[in-house]
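**Q** Can you look at this prediction? I've put the sequence above it.
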2 protein chains.
Amino acid sequence: MNLLKAASFIQSHQSFYLAAHQSPDGDTMGSCLALRAALLAMGKEATVVCPDPAPKNLAFLVGVDTVTGTNGIEPPKEAVIFVDCADHKRTGALQATLESAPYQFCIDHHGTNPRESKDGDWVEEVSATGELILRLLNELRVPITHGIAVALYTAIATDTGNFAYSNTTAESFKAAAELMQYEIDLSELNRILFREMTLAKAKLVAYTLGHMELSEDGRLNLCAIPESVLNACGATKEDCEGLIDDLRDIDTVEAACILKESDGVMRVSMRSKRVCDVAAVAKRFGGGGHLRAAGCTLELPLKEAVRVMRNALSEALA
Amino acid sequence: MNLLKAASFIQSHQSFYLAAHQSPDGDTMGSCLALRAALLAMGKEATVVCPDPAPKNLAFLVGVDTVTGTNGIEPPKEAVIFVDCADHKRTGALQATLESAPYQFCIDHHGTNPRESKDGDWVEEVSATGELILRLLNELRVPITHGIAVALYTAIATDTGNFAYSNTTAESFKAAAELMQYEIDLSELNRILFREMTLAKAKLVAYTLGHMELSEDGRLNLCAIPESVLNACGATKEDCEGLIDDLRDIDTVEAACILKESDGVMRVSMRSKRVCDVAAVAKRFGGGGHLRAAGCTLELPLKEAVRVMRNALSEALA
């Protein structure tokens, strides 16, 4: 592990761009902004750059208003650190600009990272890049402020689904314990990170749970959402995330399936709990995925697609 | 703190009843069953007793099938430990039987505990009694098994709302980190503890989000549920929990209000985020509560109750 290399990269430079990946999430934003605050405290220059704006629900992160996008970005003067970017491509429209930097380093937790930053990297498969940044700040002996603690907690909590995904380890909890010393308002933070939803999302949940159809003694749960409903709700792609989990969460359900109409095709997502191999079902229709989470696309009218998926999943459950 | 007293109470006795409180939750059940496993491993006799059956979603806890209720319970031979019981009354129909025990001790985390167990107590205000049991097992040098780890994790995770309530401390996270050494399947456990819902609950969520009415530029969100709907959904009291949070979670909302019709009266729950004093509103109608969570009961027909609450909350938001 290259913690010392990362610390030394920081110590040997004065001016930094900290690069967050496109479609930024809590880990890339929290990690970048925590590192920015630390570098500023060390008397260095640091700017967080990201090809996309930060999601609205991260507006509470200290410094998020300084994040610079593609608009009028100046070429990097000295050093760039790619933070939580699985590869350089994840910096999207900023990639070429960032790769023109004289010095480049990468700090990331994706095992697949190709380690393409020319002056080195610290890639370690932990739950979140935020865990690495916390270790780095401790190594650099930068005092953790309340703002840094909130940013790193956000990084770790979001990338572990609030300590619920299988990537969560003892280390994730230890990091959280350490950060809790800095008076994080957990209850408010959790509300913002994990509960807040748009009106469109609420309408979609109401539609989905109101129109789902259980069969196979409640073991199969299926819902189709016509494009007209998606439009009437004003739903974005983000708003549709998690609906499939709601369908699966009913206690009798073993397999859940959601079909979303989009540009005349039906996009199908499936989940299962313990028995049903939904990847095999997806494969039959040219899709793919994992044993418990898979998807495919059907070029069929909505009602026909529903019939096809119900039959296939009923068979898989038999 | 009386950790040593608790350890010595256990060491000086051979036969134990471990008393869980009525309407048992993850903390009382997880703590009792973890302690039971430890006592059995020490070669002692231990039976978990509880006036009510364990909730269905805790069926995975090792030993939950041995929990003894009021039916044919024998008088305690030697020692009783009240676990997570804020007072002896919380053991409901078992109280008299348990108080007939020759030796009685209490382990609990409720600051209000009257410390009425005659041979002493260990009451310490931590996030969950499960935290205390973990310290106790370490003190007793009982090896933590996978089953014990899952039970204690369940105790802590449920009483902190998955590390989201304001009672969560660095110690809660440290305990979780320690328990993670024993290969807990976090993703499955989280699904069972925090996501699984009944069909009745899903129907209620669909109704609530489908019939809510936003006003005051989306800052007020109100929904009334007629008794006929509650009945049609087959909803229990438990199924109704959390609906008010769903109403509050919409991003524009500052104050949420749910009115549930029950035996001809309207039971009103209110929540707010940052500004609105819902306790003051509840007080106007003979209710009470906290600044951000309060309730009252209105002896009015549904439509009239909705009008009254909307007016009162609109005023409070003005």
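**A** Happy to help now that I have it. Numbers count the residues shown, from 1 in each chain, chains lettered A, B, ... in the order given.

**Q** Okay, and the closest residue to A:A176 other than its chain neighbours sits in which element?
**A** In this structure, A:A176 finds its nearest non-sequential neighbour in B:F173, 4.4 Å apart by C-beta to C-beta, 6 or more residues apart in numbering or on different chains. In this view, the C-beta of every residue, glycine as well, is placed from N, C-alpha and C. Following DSSP states H and E, the helix or strand that holds B:F173 is helix B:170-179.

**Q** what packs against that helix?
**A** Where contact means 3 or more C-beta pairs under 8 Å, 6 or more residues apart in numbering or on different chains; DSSP states H and E, helix B:170-179 is packed against helix A:170-179, helix B:129-139, helix B:146-159.

**Q** Measure how that helix sits relative to helix B:129-139, angle-wise.
**A** Angle of helix B:170-179 versus helix B:129-139, following axes from the mean of the first three to the mean of the last three C-alpha atoms, to 10 degrees, is 60 degrees.

**Q** Contacts for helix B:170-179, please.
**A** By C-beta atoms under 8 Å, 6 or more residues apart in numbering or on different chains, the residues outside helix B:170-179 that reach it are A:163, A:170-171, A:173-174, A:176-178, A:180-181, B:126-128, B:130-131, B:134, B:144, B:149, B:152-153, B:156-157, B:160, B:163.

**Q** Now do the contacts for A:H146.
**A** A:Y182, A:E183, A:I184.

**Q** What is the least confident helix or strand in chain A?
**A** helix A:237-240 (a mean of 90; mean pLDDT, DSSP states H and E).

**Q** chain center to that helix: distance?
**A** The chain centroid and the centroid of helix A:237-240 are separated by 13 Å, computed with C-alpha atoms, centre = their mean, to the nearest Å.

**Q** same question, stretch A:21-39
**A** Mean-position distance between stretch A:21-39 and its chain equals 12 Å (C-alpha atoms, centre = their mean).

**Q** Alpha carbons only: can I get it in PDB?
**A** The C-alpha trace of stretch A:21-39 is given here as PDB (Å, rounded to 0.1, in the frame of the first residue of the first chain):
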ATOM      1  CA  HIS A  21     -15.300  11.600 -11.200                       C
ATOM      2  CA  GLN A  22     -18.300  12.300 -13.500                       C
ATOM      3  CA  SER A  23     -21.800  11.700 -12.000                       C
ATOM      4  CA  PRO A  24     -20.200  12.500  -8.700                       C
ATOM      5  CA  ASP A  25     -21.300  10.600  -5.600                       C
ATOM      6  CA  GLY A  26     -20.800  11.100  -1.900                       C
ATOM      7  CA  ASP A  27     -17.400   9.300  -1.900                       C
ATOM      8  CA  THR A  28     -15.700  11.200  -4.700                       C
ATOM      9  CA  MET A  29     -17.100  14.600  -3.500                       C
ATOM     10  CA  GLY A  30     -16.600  13.900   0.200                       C
ATOM     11  CA  SER A  31     -13.100  12.600  -0.400                       C
ATOM     12  CA  CYS A  32     -12.100  15.500  -2.600                       C
ATOM     13  CA  LEU A  33     -13.500  18.200  -0.400                       C
ATOM     14  CA  ALA A  34     -12.000  16.700   2.800                       C
ATOM     15  CA  LEU A  35      -8.600  16.600   1.000                       C
ATOM     16  CA  ARG A  36      -9.100  20.100  -0.200                       C
ATOM     17  CA  ALA A  37      -9.700  21.400   3.300                       C
ATOM     18  CA  ALA A  38      -6.600  19.600   4.600                       C
ATOM     19  CA  LEU A  39      -4.400  21.000   1.800                       C
END
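
**Q** Check the separation of the first and last residues in stretch A:132-146.
**A** 18 Å (C-alpha to C-alpha, to the nearest Å).

**Q** List the buried residues in it.
**A** A:L132, A:I133, A:L134, A:R135, A:L136, A:L137, A:L140, A:V142, A:I144 (16 or more other C-beta atoms under 10 Å in any protein chain shown).

**Q** Same question for stretch A:18-33.
**A** A:18-22, A:24-33.

**Q** circling back: relative orientation of the helix holding B:F173 and helix B:146-159 in degrees?
**A** Going by the same axes, to 10 degrees, helix B:170-179 makes 150 degrees with helix B:146-159.

**Q** that older thread, and the helices and strands packed on helix B:170-179: which comes nearest B:E196?
**A** helix B:146-159 (12.8 Å; C-beta to C-beta).

**Q** re the thing from before, the buried residues of stretch A:18-33 in strands, which ones?
**A** Judged by DSSP state E, the buried residues of stretch A:18-33 include A:L18, A:A19 as members of strands.

**Q** List just the nearest of the buried residues of stretch A:18-33 to chain B.
**A** If you rank the buried residues of stretch A:18-33 by distance to chain B using C-beta to the nearest C-beta, A:G26 comes first, at 15.0 Å.

**Q** Would you list the phi and psi of the residue nearest to A:F194 when sequence neighbours are not counted?
**A** Once flanking residues are discounted, A:F194 sits nearest to A:N162: 5.5 Å by C-beta to C-beta, 6+ apart. Here is the backbone geometry of A:N162 (degrees, to the nearest 10): phi 60, psi 50.

**Q** where exactly do the helices run in the stretch 51-200 of chain A?
**A** Taking DSSP state H, counting those that start in this stretch, the helices of the stretch 51-200 of chain A run over residues A:95-99, A:129-139, A:146-159, A:170-179, A:186-190, A:199-211.

**Q** Minimum distance to B:L204: which of those helices has it?
**A** helix A:199-211 (9.0 Å).

**Q** Show me what that closest one is in contact with.
**A** Against helix A:199-211 from outside (C-beta under 8 Å, 6+ apart): A:197, A:223-225, A:229-230, A:232-236, A:239-240, A:243, A:246-247, A:258, B:202-203, B:205-210, B:212, B:214, B:218, B:246, B:249-252.

**Q** can you pull the contacts of A:L222?
**A** Applying C-beta under 8 Å, 6+ apart, the residues near A:L222 are A:M212, A:E213, A:S215, A:L247, A:A256, A:C257, A:I258, A:L259, A:V306, A:M309, A:R310, A:L313.

**Q** could you redo the last one with a cut-off of 10 Å?
**A** A:211-216, A:247, A:253, A:255-259, A:268, A:270, A:306, A:309-310, A:313-314 (C-beta atoms under 10 Å, 6 or more residues apart in numbering or on different chains).

**Q** Helix, strand, or coil at the nearest residue to A:G218 once chain neighbours are set aside?
**A** Nearest non-adjacent residue to A:G218, counting by C-beta to C-beta, 6+ apart: A:T252, 3.4 Å away. Put simply, A:T252 is coil when judged by DSSP: H, G, I helix; E, B strand; the rest coil.

**Q** What's the separation between A:C257 and chain B?
**A** 15 Å (C-beta to the nearest C-beta, to the nearest Å).

**Q** Can you classify that residue as helix, strand or coil?
**A** strand.

**Q** can I assume it is in contact with A:C223?
**A** Yes. Using C-beta atoms under 10 Å, A:C257 makes contact with A:C223 at a distance of 7.6 Å.

**Q** Find residues that contact each of the two.
**A** A:M212, A:E213, A:I244, A:L247, A:V306.

**Q** From these, keep the buried residues only.
**A** Buried, going by 16+ other C-beta under 10 Å: A:M212, A:I244, A:L247, A:V306, out of these.

**Q** Now compare the residues you listed and name the two farthest from each other.
**A** Maximum pairwise distance in those, criterion C-beta to C-beta, is 14.9 Å, between A:I244 and A:V306.

**Q** want to throw the helices of the stretch 51-200 of chain A into JSON lines with mean pLDDT?
**A** Formatted as JSON lines, these follow (pLDDT from 0 to 100):
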{"stretch": "helix A:95-99", "mean pLDDT": "97"}
{"stretch": "helix A:129-139", "mean pLDDT": "98"}
{"stretch": "helix A:146-159", "mean pLDDT": "98"}
{"stretch": "helix A:170-179", "mean pLDDT": "98"}
{"stretch": "helix A:186-190", "mean pLDDT": "95"}
{"stretch": "helix A:199-211", "mean pLDDT": "97"}
